[in-house]
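Novice: Quick one, structure for this:
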Amino acid sequence: MRLVVRLIKLELALYVALGRWIVRRPQVPAATTPWGYSRDVTPVMGLWIFASALEVPLVHVLVPWDSVRLVLLGVSVWGLLWMLGMLASIRVYPHLADEDGVRIRYGKFADLRVPWDRVAAVTRVDRDLPSSIRTHQPLETDAGTDLQIGVSARANVHLALVGPTEVTTPKGPMTVVAVTFLVDDPVAFVAAARVASRLA
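Specialist: This next block holds a predicted model:
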């Protein structure tokens, strides 16, 4: 039952994101700096969306049975809206940085905050992750858990923390010693993060 509730909430959140995208109102509060992470995944999702949009008229033309055609049309339209909502969510919910810390997001699938005073080092990395589907991918190291939040199975910024730090995930709190994630402009982000965390 809990899983069903989570899926319904996620579905509704994607439609809210789509609405925000249409009216061009990203969720970027005042006094925060947004950092995008959608550049690499947008072309791929665009192809999927194009294919789904093409499927709608094809189903209407190729399927001769009314009842089957209506069901397939419903599924096709739902799939198209879902993918549009997914793309919208990664555009309207960027990472956010302010004077206190960084909020690392992946659409409505990941949202965790790391205070600057918990950051020991900020570095660029070029990391391929095991899965392109799973959002939170913990990597166990000798020091502890490095929580990887990739986009299209990639991450390029690594925050080493001063010690075990509790962060929030959809499955509950997790204690981590590092967070690795993707930013469209890692060079600029690392420079800004080092200044904000007084590591420059």
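Novice: What ranges does this protein have for its helices?
Specialist: Applying DSSP state H to the chain gives helices spanning 2-22, 41-62, 66-92, 186-196.
Novice: nearest to residue 28, of those?
Specialist: Among the helices of the chain, helix 66-92 comes nearest to residue 28, with 8.5 Å by C-beta to C-beta. (Glycine included, C-beta is placed from N, CA and C.)
Novice: follow-up on the earlier one: in TSV: the helices of the chain, plus mean pLDDT and mean neighbour count.
Specialist: Rendered in TSV, the data for those read as follows (pLDDT from 0 to 100; neighbours: other C-beta atoms under 10 Å):
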stretch	mean pLDDT	mean neighbour count
helix 2-22	87	14
helix 41-62	84	13
helix 66-92	88	17
helix 186-196	96	17
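Novice: what number of residues lie near residue 111?
Specialist: By other C-beta atoms under 10 Å, the residues close to residue 111 number 18.
Novice: wait, what's in contact with the residue positioned nearest the centre of the chain?
Specialist: For the chain, the residue sitting closest to the mean C-alpha position, by C-alpha atoms, centre = their mean, is residue 106 at 1.5 Å. Going by C-beta atoms under 8 Å, 6 or more residues apart in numbering, residue 106 touches 37, 90, 135, 149, 151, 181.
Novice: Make CSV out of the residues you listed and add distance to residue 65.
Specialist: Formatted as CSV, those follow (distance: C-beta to C-beta, whole Å):
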residue, distance to residue 65
37, 43
90, 37
135, 39
149, 44
151, 40
181, 47
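Novice: now, which of these sits nearest residue 54?
Specialist: Checking the contacts of residue 106 one by one against residue 54 (C-beta to C-beta), the nearest turns out to be residue 90, at 22.5 Å.
Novice: Hmm, residue 41 and that closest one touching each other?
Specialist: Yes - shown here, residue 90 and residue 41 form a contact pair, counting by C-beta atoms under 8 Å, at 6.7 Å.
Novice: Can you pull the residues that touch both of the two?
Specialist: residue 151.
Novice: hmm, back to that, between the contacts of residue 106, which sits nearest residue 64?
Specialist: Checking the contacts of residue 106 against residue 64 with C-beta to C-beta, the nearest one is residue 90 at 38.4 Å.
Novice: Would you mind measuring from the closest one to residue 45?
Specialist: Distance, residue 90 to residue 45, by C-beta to C-beta, to the nearest Å: 8 Å.
Novice: what's near enough to touch the closest residue to residue 56 other than its chain neighbours?
Specialist: Using C-beta to C-beta, 6 or more residues apart in numbering and skipping residues adjacent in sequence, the residue nearest residue 56 is residue 76, 4.9 Å away. Neighbour list for residue 76: 52, 55, 56, 59 [criterion: C-beta under 8 Å, 6+ apart].
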